[in-house]
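> here is a sequence with its predicted model. Questions after.
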Amino acid sequence: MSKPIYYGTGRRKSSIARVYLSPGKGKITVNGRSFDEYLCRGPLSMVVTQPLFALDSVKSYDIQAQVKGGGLTGQAGALRLGIARALIQVN
């Protein structure tokens, strides 16, 4: 049986993020690169993972995301909203 995949879209400023969430071990990939490599600044990584920490599910889901447009701050906000909307689909 295949794992369910949940989808969420986030928009912030001029950035758009498409987020795919699936049950896993907490691996986050953004534009084909690891999360830490893509968002190298600490505060931005905290912004992105806020929805996961709010539900205590940081290590429960693997996330793959594609982000376009804007700067890193806008992209981080778009990722956060996309993750939150994908988590809503889980329930």
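The structure has been received and is ready for your questions. Computed from a predicted model, the values in this text were never measured in an experiment.

> how about residue 59: what's its closest non-neighbour residue?
residue 26 (3.9 Å; C-beta to C-beta, 6 or more residues apart in numbering). For every residue, glycine as well, the C-beta is placed using N, CA and C.

> so the one you found versus residue 12, what's the distance?
According to C-beta to C-beta, to the nearest Å, residue 26 stands 23 Å off from residue 12.

> who's more crowded, these two?
Using other C-beta atoms under 10 Å, the more surrounded residue of residue 26 and residue 12 is residue 12, with 20 against 14.

> residues in contact with that one?
Contacts for residue 12 were tallied using C-beta atoms under 8 Å, 6 or more residues apart in numbering; they are 70, 74-78, 80-81.

> hey, what's it bridged with?
residue 15 (DSSP bridges).

> roughly how far apart are it and residue 78?
For residue 12, the distance to residue 78 equals 4 Å [C-beta to C-beta].

> SS state for the spatially closest residue to residue 39 that is not a sequence neighbour?
Nearest non-adjacent residue to residue 39, counting by C-beta to C-beta, 6+ apart: residue 45, 5.1 Å away. Assigned with DSSP: H, G, I helix; E, B strand; the rest coil, residue 45 falls in the helix class.

> and residue 45, how far from residue 36?
On the measure of C-beta to C-beta, residue 45 and residue 36 end up 7 Å apart.

> of the two, which one has the most company?
The neighbour count for residue 45 versus residue 36, taken as other C-beta under 10 Å, is higher for residue 45 (16 against 11).

> let's have the contacts of residue 12 in a markdown table, adding pLDDT.
Converted to a markdown table, those look like this (pLDDT from 0 to 100):
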| residue | pLDDT |
| --- | --- |
| 70 | 96 |
| 74 | 96 |
| 75 | 96 |
| 76 | 96 |
| 77 | 96 |
| 78 | 98 |
| 80 | 97 |
| 81 | 98 |
